[in-house]
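Peer 1: sequence and predicted model, in that order:
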Amino acid sequence: MIDIKRGRYVDSIAVAWLDKVNHFFNDPSKPWIERKGRRVKFSSYKNRLKFQCLAIVSEYTTDARLRKVCIAQLQYWWRHFDDIILASPASMAAQVKKWQKRKDGKYRLLEALKPVLIWYYDTVSDRIGHELVESLNIKTCPYCNRQFIYTFKGKTPDMKDRPERPELDHFYPKNTYPLYCLSFYNLIPACHSCNHVKSESLIGVNPYSRAFGSKFVITDKKGKNVSPSKIYKLTQKEIGLKLEGKNAEEEANSRVLGLENVYNKHTDFVKELIDKTMAYDAHARKALVESFQGAGLHPRQVYDFVWGRHLMDADYEDRPLSKLTKDMLDLLGIRRG
């Protein structure tokens with residue numbers, strides 16, 4: 001629903017995420033694993049990961065030829081580690097589409113590697129996930145624009161700092177596509193509701209790609225559009241909402257996340273907007289602008305005072321329900337001066 005790229009240098013943040021992930025894997029912290037009753041130590045998590053992957057391959061198949069193919073594939077992924085972390089939404093979509101048509105040997109190998117890869121996601125996420133979300137500085141959930149999502153520092157019971165952050169959803173679920181479990185453009189800061197409702201489902205619009213083009217419109221309870229002239233006569237109980245103009249990708253988001261259902265819980269908010277536009281009709285708005293001109297305020301600033309900053313597309317994400325607000329004001333003919 002919200003375009004994360006708008007107003008941000010997202011590519012720079014992605015490169016910074018890559019640097020942090022590489023720092024984790026190359027940190028000489030002497031990680032270890034328990035294997036056959038003894039502790040095996042490694043010079044870095046990178047070498048630990050390689051060892052674990054090779055061990056899985058050796059158990060994955062006893063066929064020498066297939067094992068050689070698997071090792072070659074592992075080496076390819078290791079050489080292209082940075083490319084995987086920075087995989088674009090388009091490149092991930094293309095690969096996922098191929099796997100949906102045919103689950104090839106690469107997919108089956110990743111199935112075997114999945115527990116190890118997800119362990120590394122969980123570990124990296126716990127250590128530096130808050131830094132990713134903090135760098136993006138997203139204020140509301142990009143999937144629904146209904147709830148604030150902030151990073152802040154809480155305290156543990158022994159009064160140590162504990163970074164708190166919103167949840168990170170995997171646009172392509174990590175349990176199905178573990179190759180992308182640490183890929184920057186696959187990690188979507190999201191509210192608890194959207195993350196858990198979406199779960200392992202696939203949706204269409206990646207917030208790193210674009211915002212919704214469809215608009216909220218007012219309907220009656222049967223789902224029929226209500227003309228602007230009749231909107232003002234509706235009671236709250238008579239108001240319905242739907243997203244009009246959805247393409248297939250937006251329909252997938254709306255269906256899986258239940259966007260239209262949950263937005264129809266906000267008809268009280270819509271009714272207040274309708275009443276407010278009646279109170280601030282053209283004459284009232286003109287009088288308000290004139291009364292503030294002596295204070296040196298531009299008409300646009302006066303409009304922002306009345307409606308908030310929702311009339312600017314770039315500020316959709318600043319507050320919950322701002323897309324709904326903007327769509328309703330457009331529908332009711334309210335324009336930023």
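Peer 2: Received, thanks.
Peer 1: let me see the ranges of the strands in this structure.
Peer 2: Counting by DSSP state E, the chain has these strands, from start to end: 32-35, 38-41, 152-155, 161-164, 167-170, 187-190, 215-219, 240-244.
Peer 1: what pairs with the fourth one, parallel or antiparallel?
Peer 2: If you go by DSSP bridges, strand 161-164 pairs up with strand 152-155 (antiparallel).
Peer 1: other SSEs contacting the longest helix anywhere in the chain?
Peer 2: Looking across the chain with DSSP state H, the single longest helix is helix 105-136. On a contact count with 3 or more Cβ pairs under 8 Å, 6 or more residues apart in numbering; DSSP states H and E, helix 105-136 meets helix 10-26, helix 45-60, helix 64-79, strand 167-170, strand 187-190. Quick note: C-beta positions are derived from backbone N, CA and C, even for glycine.
Peer 1: out of the ones you listed, deepest packed?
Peer 2: Stretch with highest mean neighbour count among these: strand 187-190 (a mean of 25; mean count of other Cβ atoms under 10 Å).
Peer 1: got any ranges where this structure has weak pLDDT?
Peer 2: Within the chain, the stretches with pLDDT under 70 are 155-156, 158-161, 293-295, 297, 309-316, 336-337.
Peer 1: related to what we said a few turns ago, now the strands of the chain as TSV including distance to residue 104?
Peer 2: TSV is the format used below for the strands of the chain (distance: least, Cβ to Cβ, whole Å):
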stretch	distance to residue 104
strand 32-35	29
strand 38-41	32
strand 152-155	44
strand 161-164	39
strand 167-170	21
strand 187-190	25
strand 215-219	41
strand 240-244	36
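Peer 1: on that earlier part again, can you state the direction angle for the longest helix of the chain and helix 10-26?
Peer 2: Interaxial angle, helix 105-136 versus helix 10-26 (axes from the mean of the first three to the mean of the last three Cα atoms, to 10 degrees): 110 degrees.
Peer 1: rewinding a little: winner for burial among the strands of the chain?
Peer 2: It is strand 187-190: most buried of the strands of the chain by mean count of other Cβ under 10 Å, with a mean of 25.
Peer 1: if we can go back for a sec, take the helices and strands packed on helix 105-136 and write them to TSV, including distance to residue 306.
Peer 2: Putting these into TSV (distance: least, Cβ to Cβ, whole Å) gives the following:
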stretch	distance to residue 306
helix 10-26	32
helix 45-60	54
helix 64-79	55
strand 167-170	34
strand 187-190	30
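Peer 1: go through these and name the closest to residue 149.
Peer 2: strand 187-190 (5.7 Å; Cβ to Cβ).
Peer 1: residues making contact with the closest one?
Peer 2: Residues outside strand 187-190 that contact it (Cβ atoms under 8 Å, 6 or more residues apart in numbering): 4, 132-133, 136, 138, 141-143, 149, 165-171, 198, 206-208.
Peer 1: apply 7 Å and report the result again.
Peer 2: Here strand 187-190 makes contact (Cβ atoms under 7 Å, 6 or more residues apart in numbering) with 132-133, 136, 138, 141-143, 149, 166-171, 207.
Peer 1: which of these sits closest to residue 292?
Peer 2: Nearest to residue 292 among those, with distances taken as Cβ to Cβ, is residue 138, at 32.0 Å.
Peer 1: my read: the closest one touches residue 317, true?
Peer 2: Yes. Residue 138 is in contact with residue 317 according to Cβ atoms under 7 Å; the separation is 6.2 Å.
Peer 1: in contact with residue 66, which residues?
Peer 2: Contacts of residue 66 by Cβ under 7 Å, 6+ apart: none found.
Peer 1: residues near residue 116, how many?
Peer 2: 15 (other Cβ atoms under 10 Å).
Peer 1: now it, nearest residue through space, not along the chain?
Peer 2: Nearest non-adjacent residue to residue 116, counting by Cβ to Cβ, 6 or more residues apart in numbering: residue 52, 4.9 Å away.
Peer 1: how much space between the one you found and residue 109?
Peer 2: 13 Å (Cβ to Cβ, to the nearest Å).
Peer 1: do residue 35 as well
Peer 2: 21 Å.
Peer 1: now residue 308
Peer 2: To residue 109, residue 308 is 51 Å away according to Cβ to Cβ.
Peer 1: just residue 89 next, same as before
Peer 2: For residue 89 relative to residue 109 (Cβ to Cβ), the value is 24 Å.
Peer 1: more neighbours: which of these two?
Peer 2: residue 109 (22 against 18).
Peer 1: looks like residue 192 contacts residue 168 (just checking).
Peer 2: No. Residue 192 lies out of contact with residue 168 (Cβ under 7 Å); the separation is 11.5 Å.
Peer 1: would you mark the buried spots in stretch 271-288?
Peer 2: 271, 273, 274, 277, 280, 285, 288 (16 or more other Cβ atoms under 10 Å).
Peer 1: surely the last one and residue 302 touch.
Peer 2: If I follow you right, that is residue 288. Yes. Counting by Cβ under 7 Å, residue 288 does reach residue 302; the two are 5.8 Å apart.
Peer 1: what is the neighbour count of residue 102?
Peer 2: Using other Cβ under 10 Å, the number of residues around residue 102 comes to 7.
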